[in-house]
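Trainee: this is a predicted model, with the sequence first.
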Amino acid sequence: MGGLFFLFMTFASFSTVIAVFENLLAGCIDNFGWSRKKAALFNGVFLLLASMPCVLGYNLWYFEAVLPNGAVGQVLDIEDFLVSNLLLPLGSLVYLLFCVTKWGWGWDKYLAEANAGEGIKMPRWLKPVFQFVLPILVLVVACVIGMIYSGGFFSGENFVDAFSNSDASVGLMLGSAFGLLFAFLYYLVRRSMSFKEMMGCIPEGFKAMVPAILILTFAWSLKGMTDSLGAKFFVRDFVRSASGIQVLLPVIVFAVGCLLAFATGTSWGTFGILIPIVQNVFDMSNPMAIICISACMAGAVCGDHCSPISDTTIMASAGAQCDHVNHVSTQLPYAISCAVISGIAYVIAGVLAFAGLPGLIALPIGVALVLGFLFVMKRQNA
């Protein structure tokens, strides 16, 4: 029985090799016009040479290598890593591009083939999604992978720890480089842009970012100067001195948060200054503490949105190719209107909390004030 088993295994292995080898022969015959004898000779020599590392890799040519994921592997481990992590995903991408580009089927033929028969249909409007949205999605995914890579995710760390310990400068650089390379290859294969046009976009992109870089440099310089002058200690003492005015403290924290974020251009820095102060003034079981923390976060975001030295404001104007001063000046009326209404709501919330009533009642009052303000403005502009 043992001899019959190995005999049948021999027949099975030979039939499998012949079936796989036949595809290689057919490809050479169809694409290059070779005779069957020439195709068999060429592929036989190629397979013999390609199999030598596997045949001799565990005896005469034995070696070990450290893989990018940190593991130590031999020949088959290296081949498995290359196939699983590079050849399969890149091959799938090449196959996909062949299906949807002019060099392959083309979008119309791909759509007709995908929608043949019954079931879910592929809509035609997805073409611009693949053309414009796909590179952005690849950039986002590549940046996330780069960040968790810098945090040690592929060395055994779990996702949360790797993301929290990541180096954003390294991860974003790797993700941006991969996204740029993907965009080049993607639009080159789709023939949307020539290689010369894509290379010409690089210096144009650098020139477009020069004003944003200069403004960010000046903003960081101003932030460093305010830190050196002890602005956070001044704000801390000012807020603590107003702790006796319990009713007005939420609106005071809100106003200070707006001004501090506007002056420094950072909402997260304002969080780091004001929230610990509020926690020292109030016990967290006191409803006034929750209202003041809410006021701090709302004021910081409002001031950061209005600030001309905020990185988000700078990048927004640069991305929209809008004059930076015009962008800030057109945003201020909307932000200030909402800030005034929010300040009134925080005054009401402080009164309610001081009286022992739930401060959440101020929320529908704030919504009503916003709707009333919109109604009045619409009447005036009618």
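Mentor: Now that the structure is in, tell me what you want to look at. Numbering: from 1, shown residues only.
Trainee: would you map the helices across the stretch 1-150 of the chain?
Mentor: Taking DSSP state H, counting those that start in this stretch, the helices of the stretch 1-150 of the chain run over residues 2-32, 36-50, 52-56, 75-82, 88-100, 107-114, 126-128, 134-150.
Trainee: just the C-alphas of the fourth one, formatted as PDB.
Mentor: Pointing back at helix 75-82 there. Provided in PDB are the C-alpha atoms of helix 75-82 (Å, rounded to 0.1, in the frame of the first residue of the first chain):
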ATOM      1  CA  VAL A  75      15.300  30.700   1.000                       C
ATOM      2  CA  LEU A  76      11.600  29.600   1.100                       C
ATOM      3  CA  ASP A  77      10.800  32.200   3.800                       C
ATOM      4  CA  ILE A  78      12.300  34.900   1.600                       C
ATOM      5  CA  GLU A  79      10.400  33.700  -1.400                       C
ATOM      6  CA  ASP A  80       7.100  33.500   0.600                       C
ATOM      7  CA  PHE A  81       7.700  37.100   1.800                       C
ATOM      8  CA  LEU A  82       8.300  38.400  -1.700                       C
END
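Trainee: secondary structure class for residue 262?
Mentor: For residue 262, the secondary-structure state derived from DSSP: H, G, I helix; E, B strand; the rest coil is helix.
Trainee: my guess is it contacts residue 313. True?
Mentor: No - between residue 262 and residue 313 there is no contact under C-beta atoms under 8 Å: 10.4 Å. (Glycine included, C-beta is placed from N, CA and C.)
Trainee: so what's in contact with these two at the same time?
Mentor: Residues touching both residue 262 and residue 313 (C-beta atoms under 8 Å, 6 or more residues apart in numbering) are 304, 306-307.
Trainee: longest helix in this structure, by residue count?
Mentor: The helix that spans the most residues within the chain, counting by DSSP state H, is helix 195-228.
Trainee: next, name the residue at the spatial heart of the chain.
Mentor: Centroid-nearest residue in the chain, with C-alpha atoms, centre = their mean: residue 140, separated by 3.2 Å.
Trainee: re earlier: any idea which of the helices of the stretch 1-150 of the chain is most buried?
Mentor: The highest mean neighbour count among the helices of the stretch 1-150 of the chain, using mean count of other C-beta atoms under 10 Å, belongs to helix 134-150: a mean of 17.
Trainee: go ahead and name everything in contact with that one.
Mentor: The contact list for helix 134-150 (C-beta under 8 Å, 6+ apart) reads 154, 159, 162-163, 166-168, 170-176, 178-179, 182-183, 186-187.
Trainee: one more pass at 6 Å, please.
Mentor: Contacts with helix 134-150, where a contact means C-beta atoms under 6 Å, 6 or more residues apart in numbering, come from 162-163, 166-167, 170-172, 174-175, 178-179, 182-183.
Trainee: contacts for the helix or strand that it is followed by, please.
Mentor: Counting by DSSP states H and E, the next helix or strand C-terminal to helix 134-150 is helix 159-164. With C-beta under 6 Å, 6+ apart as the test, helix 159-164 has contacts from 148, 151-153.
Trainee: show me which positions of stretch 166-183 end up buried.
Mentor: Counting neighbours by 16 or more other C-beta atoms under 10 Å, one finds that the buried residues in stretch 166-183 are 166, 171-172, 174-175, 178-180, 182-183.
Trainee: could the C-alpha coordinates of that stretch be exported in CSV?
Mentor: Listed next in CSV are the C-alpha coordinates belonging to stretch 166-183 (Å, rounded to 0.1, in the frame of the first residue of the first chain):
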residue,chain,number,x,y,z
SER,A,166,4.4,56.2,15.8
ASP,A,167,6.8,58.9,14.5
ALA,A,168,4.5,61.1,12.3
SER,A,169,7.4,62.6,10.4
VAL,A,170,8.7,59.2,9.3
GLY,A,171,5.3,57.7,8.7
LEU,A,172,3.9,60.6,6.7
MET,A,173,7.1,60.8,4.6
LEU,A,174,6.9,57.1,3.7
GLY,A,175,3.2,57.3,2.9
SER,A,176,3.6,60.5,0.8
ALA,A,177,6.5,59.0,-1.1
PHE,A,178,4.5,55.8,-1.9
GLY,A,179,1.4,57.9,-2.7
LEU,A,180,3.4,60.1,-5.1
LEU,A,181,4.9,57.0,-6.8
PHE,A,182,1.5,55.4,-7.1
ALA,A,183,0.0,58.6,-8.6
